[in-house]
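coordinates for the following, if possible.
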Amino acid sequence: MTNPTGPGLDWPDPALSERRRLVNLAYRMLGSLADAEDVVQETYARWFALTPGRRDAIEAPGAWLTTVAGRICLDLLGSARARRERYVGQWLPEPLPDRAEWTSGRTDGDPVDRVTLDESIGMAFLVVLESTTPAERVAFVLHDVFRYSFAEVAEVVGRTPGACRQLASSARRRVRAARTPGVPDATRAGVVRAFRQAWEAGDIDALVGLLAPDATATGDGGGRVRAELHPVEGAARIARFFVGRARTAAGVTILERTVNGQPGLVAQVDGVVGAVLAFDIAGDRIRSIWTILNPDKLRPWTTG
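You can find the predicted model right below:
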């Protein structure tokens, strides 16, 4: 397997480039920064468990590391399906803050620093990938996002290149079917800002006007905090839901922040992040809202 850098992954220090690339791969495959970091730790543990002679005999260490990390992700995705059947409520990917939001005062080399922000870490993209099989997801991420050949993907997935081509094609169809036409960042930011203002004002009519008629709102509390067990559907129901929640909450501040590279919102309670909201916007209407409340998934937002 060759060692491409992937989209936007080009670092001058080769000692750091492998770890950073592996975190990027694993986060896109798993939708969890914590799990991605665990995968990379295990990958390097296996690398250093080799004898020096065996390591020296490996012509492309980056390729070896990628193959191992991909196989670990494939195994984790298989077991994750069973775990998520027992998950309380809806499972959503772990949201990532913008680099400027978390680097202040940090010196510990947080793994989020190693995730390159592009379309392939958008919440909508990651949510769609949750509907694919583990093999489809791994094949698609390796080929379509990081540009590995199908022969190289086959080394990770353990199937023929032709089968890997079909796996990636199946995932690609799902991504394309769910993808909304491109919306300028300024438009996205304006819609999110208008949502925040209407939410703070308790203006149900304004919220309805910002939502697509068939919009959905999904919350992930993981059984740790209160969240709806099923998505809320329809503009009017969503508007009433958000206004009702705001009326029962005290000391909440809503801030505009970048979430997975796109405009989003953060809800703070007495200065502590309690929820992160990501949006999928089509035209000038909100199609989907994803609210992550599970404290385990908010650590990059609350530590610093």
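
how about the helices in this protein?
14-30, 33-49, 52-57, 61-85, 99-102, 123-129, 134-140, 150-157, 161-178, 185-201, 204-210, 235-248, 299-302 (DSSP state H).

which secondary structure elements does the last one sit against?
Okay, so that is helix 299-302. Other elements packing on helix 299-302 under the criterion 3 or more CB pairs under 8 Å, 6 or more residues apart in numbering; DSSP states H and E are helix 99-102, strand 272-282. No exception for glycine: its C-beta is placed from N, CA and C like everyone else's.

just the C-alphas of that helix, formatted as CSV.
Provided in CSV are the C-alpha atoms of helix 299-302 (Å, rounded to 0.1, in the frame of the first residue of the first chain):
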residue,chain,number,x,y,z
ARG,A,299,-14.9,16.5,26.3
PRO,A,300,-13.1,18.4,23.5
TRP,A,301,-15.5,21.3,24.3
THR,A,302,-15.2,21.2,28.1
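
quick check: the gap between Leu129 and Gly182.
Leu129 sits 19 Å away from Gly182, going by CB to CB, to the nearest Å.

more neighbours, those two?
Between Leu129 and Gly182, counted using other CB atoms under 10 Å, the more crowded position is Leu129 (23 against 8).

now that one: closest residue in space, sequence neighbours ignored.
Arg137 (5.3 Å; CB to CB, 6 or more residues apart in numbering).

is it true that that neighbour touches Ala80?
No - counting by CB atoms under 8 Å, Arg137 stays clear of Ala80, with 10.5 Å between them.

between these two, which one's more packed in?
Neighbours were counted for Arg137 and for Ala80 using other CB under 10 Å; Arg137 has more, 24 against 19.

mind listing what the more buried one touches?
Listed by CB atoms under 8 Å, 6 or more residues apart in numbering, the contact set of Arg137 reads 29, 77, 129, 171.

ok, and the most crowded of the residues you listed?
That'd be Met29 among the contacts of Arg137, by other CB under 10 Å, with 27 neighbours.

okay, now the residue nearest to that residue when sequence neighbours are not counted: neighbour count?
The spatially closest residue to Met29, leaving aside those adjacent along the chain, is Cys73, at 4.2 Å (CB to CB, 6+ apart). Cys73 has 28 neighbours, counted by other CB under 10 Å.

repeat for the one 10 residues further on
Using other CB under 10 Å, Arg83 has 10 other residues around it.

hang on, Val192 packs against Phe279?
Yes - contact criterion CB under 8 Å: Val192 and Phe279 qualify, at 5.9 Å.

quick check: neighbours shared by the two?
Shared contacts of Val192 and Phe279, counting by CB under 8 Å, 6+ apart, come down to 263-264.

pLDDT weak spots in the stretch 51-200 of the chain?
Residues of the stretch 51-200 of the chain meeting the criterion pLDDT under 70: 82, 99-119.

ok, 50 please
Across the stretch 51-200 of the chain, the ranges flagged by pLDDT under 50 are 102-114.

rewinding a little: for the contacts of Arg137, name the two members farthest from one another.
Pairwise distances among the contacts of Arg137 were taken by CB to CB; the largest, 12.3 Å, belongs to Leu77 and Ala171.

returning to that earlier point: worst mean pLDDT among the helices and strands packed on helix 299-302?
With a mean of 57, helix 99-102 has the lowest mean pLDDT of these.
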